[in-house]
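Sequence first, predicted model second:
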Amino acid sequence: MRVIAELPHPECKITLFNMNQKYIIKFEQGGLEQSYKLSELDLTGGGANEIFQILDEEFIATVVARFKGMRADFSAAYQRQQY
């Protein structure tokens with residue numbers, strides 16, 4: 001897996017990888033991760049720049065909101081195991 005680019009964002013780390021004719025977009029926030037895979041064949045040839053156009057602020061806002069939900073879900077599961 002090869003790192004293609006990193007996109008700076010104040011709320012999460014965004015890294016773009018390339019592996020086996022797929023792009024992998026990884027979002028990280030603390031100990032949580034979300035990843036999205038996109039085939040090179042699904043793009044029109046714009047590569048990383050085309051992917052960065054897909055990653056608009058509206059999409060990133062949903063990713064950040066999903067992190068909040070993930071954190072709440074994990075916290076609730078953890079609390080259920082505490083006596």
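Alright, I've got the coordinates.

Quick one: residues contacting Phe27.
Applying Cβ atoms under 8 Å, 6 or more residues apart in numbering, we find Phe27 in contact with 12-14, 33-35, 63, 67. To be clear about C-beta, it is placed using only N, CA and C from the backbone, and glycine gets the same treatment.

if we go to 10 Å?
7, 9, 11-15, 33-36, 55, 60, 63-64, 66-67 (Cβ atoms under 10 Å, 6 or more residues apart in numbering).

Name every strand pairing with the strand or helix carrying it and say which way it goes.
For Phe27, the host element (DSSP states H and E) is strand 22-29. Applying DSSP bridges, strand 22-29 is found paired with strand 13-19 (antiparallel), strand 32-39 (antiparallel).

Tell me, what's the model's pLDDT at the residue nearest to Tyr23 when sequence neighbours are not counted?
Of all residues not flanking Tyr23 in the chain, Leu38 sits nearest, at 4.7 Å (Cβ to Cβ, 6 or more residues apart in numbering). pLDDT for Leu38: 94.

What count of nearby residues applies to Leu38?
15 (other Cβ atoms under 10 Å).

thought it was touching Gly46?
No: with contacts counted by Cβ atoms under 10 Å, Leu38 stays clear of Gly46, the gap being 11.8 Å.

The worst-scoring helix or strand of the chain on mean pLDDT - contacts with which helices or strands?
Least confident helix or strand, the chain: helix 47-54 with a mean of 89, by mean pLDDT, DSSP states H and E. If you count contacts as 3 or more Cβ pairs under 10 Å, 6 or more residues apart in numbering; DSSP states H and E, helix 47-54 packs onto strand 2-7, strand 13-19, strand 22-29, strand 32-39.
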